[in-house]
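Peer 1: Based on what follows, work out the 3D shape:
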Amino acid sequence: MIRLTNVSYLCIAISTYVLLNIIGAGQCYGEDKTLKNHLIKEYTSPKGNIIVRHYVDGYEICPDGDIWLYSKKNPSKKALLFSYERDADVLISPDEKWLVINYRAGCNVTDANLYKQIKDLKYEYVTSLNDFAWDLFRVTHKQYKIPDFFHNYAEAVLWSSDSKSVMIEIYGHDDISPKKLEPWYCIYDLTTGKMTLDFNRIFNRDTYHPNGEAKGRELFTY
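Peer 2: Numbering: from 1, shown residues only. Have a look, this model is predicted:
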């Protein structure tokens, strides 16, 4: 009886540890935190005001990592944007007021998470773009009765020049079925909060300026 009780306590302890690690994965922070040991990636925002740095604790295949944002003008000023397991990267809008974190949480899923700038290096989570993209694909392909792929991915790949929309790529496949989806693209419009296939009107707006400046909202249509 005592042996069974000890095993039970061990199981509870292990379960609690796993649960806490799952809850802690992918968290976002605004406060300071000790840097991890190794800098593995660094890139600059479109306007050059923000430096993005990825730090990990080791060089194993899928190390836990932190994404930090640094001020280009004042390198001592920094903020922890995101902590992740496995892999993640950041796609910042041209005006630096928005960003998407492509969080590759596992071998079978990638989550595209939208964030909005609150002030300086502080960004706040808005929504996941996965369901918006996959829902639009299923609505526009009803005749195929698209399954819920075990491996399903959604990533932000490109911001529009006016920072008001972002291109999302989705793809997926199953392990036990030959069905798969090759990369398929749609546009998330920040002004409406909806996903669309209207690439020219939404994604290409404010790209052509006859006077050489983006003062107006000239729409270039084909």
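Peer 1: hmm, who's touching the strand or helix carrying residue 134?
Peer 2: The secondary structure element spanning residue 134 is helix 130-140 (assigned by DSSP states H and E). Helix 130-140 is contacted from outside by 111-112, 146, 152, 154, 168, 170, 181, 184, 186, 188, 194-197, using C-beta atoms under 8 Å, 6 or more residues apart in numbering. Placement of C-beta: from N, CA and C, glycine included.
Peer 1: Show me the shaky parts of the protein.
Peer 2: 1-36, 59-61, 206-222 (pLDDT under 70).
Peer 1: and if we set it to 90?
Peer 2: Screening the chain residue by residue with the criterion pLDDT under 90, one finds the ranges 1-40, 56-64, 75, 84-87, 105-109, 142-151, 173-181, 199-222.
Peer 1: What ranges does it have for its helices?
Peer 2: For the chain, the helices identified by DSSP state H occupy 2-24, 130-140, in order along the chain.
Peer 1: got the CA positions of the helix holding residue 134 in CSV?
Peer 2: Included here for helix 130-140 are C-alpha records, laid out as CSV according to Å, rounded to 0.1, in the frame of the first residue of the first chain:
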residue,chain,number,x,y,z
ASN,A,130,-4.5,30.3,-38.2
ASP,A,131,-8.2,29.7,-38.0
PHE,A,132,-9.0,32.7,-40.2
ALA,A,133,-6.8,31.3,-43.0
TRP,A,134,-7.9,27.7,-42.8
ASP,A,135,-11.6,28.7,-42.5
LEU,A,136,-11.3,30.8,-45.7
PHE,A,137,-9.6,28.0,-47.5
ARG,A,138,-12.4,25.5,-46.5
VAL,A,139,-15.1,28.0,-47.5
THR,A,140,-13.6,28.5,-50.9
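Peer 1: tally of neighbours for residue 140?
Peer 2: Using other C-beta atoms under 10 Å, residue 140 has 13 other residues around it.
Peer 1: and if you look at the one 4 residues further on?
Peer 2: Residue 144 is flanked by 11 other residues according to other C-beta under 10 Å.
Peer 1: distance of it from residue 184?
Peer 2: Plainly put, residue 144 is 12 Å away from residue 184 if you go by C-beta to C-beta, to the nearest Å.
Peer 1: first to last residue in stretch 77-96, what's the distance?
Peer 2: Between the opening and closing residues of stretch 77-96 lies a distance of 17 Å (C-alpha to C-alpha, to the nearest Å).
Peer 1: So for that stretch, what gets flagged as buried?
Peer 2: The neighbour-count check on stretch 77-96 (16 or more other C-beta atoms under 10 Å) flags 78-93, 96 as buried.
Peer 1: Likewise for stretch 115-127?
Peer 2: Of the residues in stretch 115-127, those buried under the neighbour-count criterion (16+ other C-beta under 10 Å) are 115, 117, 121, 123.
Peer 1: Likewise for stretch 185-197?
Peer 2: Of the residues in stretch 185-197, those scored as buried under the neighbour-count criterion (16+ other C-beta under 10 Å) are 185-190, 195-196.
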